[in-house]
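> Show me how the following folds:
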Amino acid sequence: CPWPIIFEAGLCQSEELAPFSPVGELLGRASSGPRELSATHKQLQSVGVDIGRFAFLHIRLGDYKSFDVYGTTPVPPVSWYSTAISKLRAVDPNIPIVVFSDELDRARDIFHAYDDMHFFPFDDLASFYAMARARHGILSASTFSWWAARLAKANHVGGHFMAPQHWMGLNARRWFPNKAIRASFLEYIDIV
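Residues are numbered from 1 along each chain as shown. Predicted coordinates:
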């Protein structure tokens, strides 16, 4: 995305404003180098999953706790994640899910009761590279997981990538920053 203000406003998630070429291609090449793939493979193995068969769950907590969108936070409630996990497990019942978060200890507390959940304790760049290799994904309303899902979908065309309906305006049930943010490769799930 060439304009920082568009990136900051979240409009970089518009497929028209942020075409796969060249941004996605550059990110894809960066995450697919031999050194990066080897490191990603080792990191995923260290948390108990295979680089070729896992789903990601991205839960952004830290800075989003106080972020205001239409008078509410853009953090989906735990019930939304539960719904997304159920939908994902309905299409791929035994898929291991790797949790990525800016507050991993808190994410462990949230998802401790789920089977076959793994927690990725590495830095942001390693997290992005790993998420971009996933077969499926559950996104937070975040450009970080949006781009990772876009790359992962290019690698796994039949993958399911689920995001909150209304994106950052999910808890107010209003699209934010606007309706143009909808992406063709995502399956949107409403808050229930």
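
> Helix or strand, whichever it is, which one in the chain has the lowest mean pLDDT?
Least confident helix or strand of the chain, by mean pLDDT, DSSP states H and E, is helix 4-8 with a mean of 48.

> Now do the contacts for Ala30.
If you count contacts by C-beta atoms under 8 Å, 6 or more residues apart in numbering, Ala30 has them with Glu36. Every residue, glycine included, has its C-beta placed from N, CA and C.

> 10 Å instead?
By C-beta atoms under 10 Å, 6 or more residues apart in numbering, the contact set of Ala30 is Glu36, Leu125, Phe128, Tyr129, Ala132, Leu151.

> And these, which of them are buried?
Glu36, Phe128, Tyr129, Ala132, Leu151 (16 or more other C-beta atoms under 10 Å).

> Look up phi and psi at the second one.
Backbone geometry at Phe128, expressed as degrees, to the nearest 10, gives phi -60, psi -50.

> Would you agree it is in contact with Ser31?
Yes. Counting by C-beta atoms under 10 Å, Ser31 is a contact partner of Phe128 at 7.0 Å.

> Return every residue with contacts to both of those two.
Thr40, Ala148, Leu151.

> tell me which of the residues you listed is nearest to Tyr81?
Taking C-beta to C-beta as the measure, Tyr81 sits nearest to Ala148 out of those, at 16.7 Å.

> Identify the residue nearest the closest one in space, chain neighbours excluded?
Closest residue to Ala148 apart from its sequence neighbours, by C-beta to C-beta, 6 or more residues apart in numbering: Met131 at 3.6 Å.

> Distance of the residue nearest to His136 when sequence neighbours are not counted relative to Gly158?
Distances taken as C-beta to C-beta, 6+ apart put Ala55 closest to His136, at 3.9 Å, once the chain neighbours are dropped. Relative to Gly158, Ala55 is positioned 13 Å away (C-beta to C-beta, to the nearest Å).

> Name the residues contacting each of those two.
Listed as contacting both Ala55 and Gly158 by C-beta under 10 Å, 6+ apart are Val91, Asp92, Arg135, His136.

> Burial check on the first one, number of neighbours?
Same thing as Val91. 12 (other C-beta atoms under 10 Å).

> give the contact list for it.
By C-beta under 10 Å, 6+ apart, the neighbours of Val91 are Ala55, His136, Gly158, Gly159, His160.

> Try it again at 6 Å.
Applying C-beta atoms under 6 Å, 6 or more residues apart in numbering to Val91 gives the contacts His160.

> to the chain's geometric centre, what's the distance from stretch 63-72?
In this view, stretch 63-72 has its centroid 19 Å away from the chain centroid, taken as C-alpha atoms, centre = their mean, to the nearest Å.
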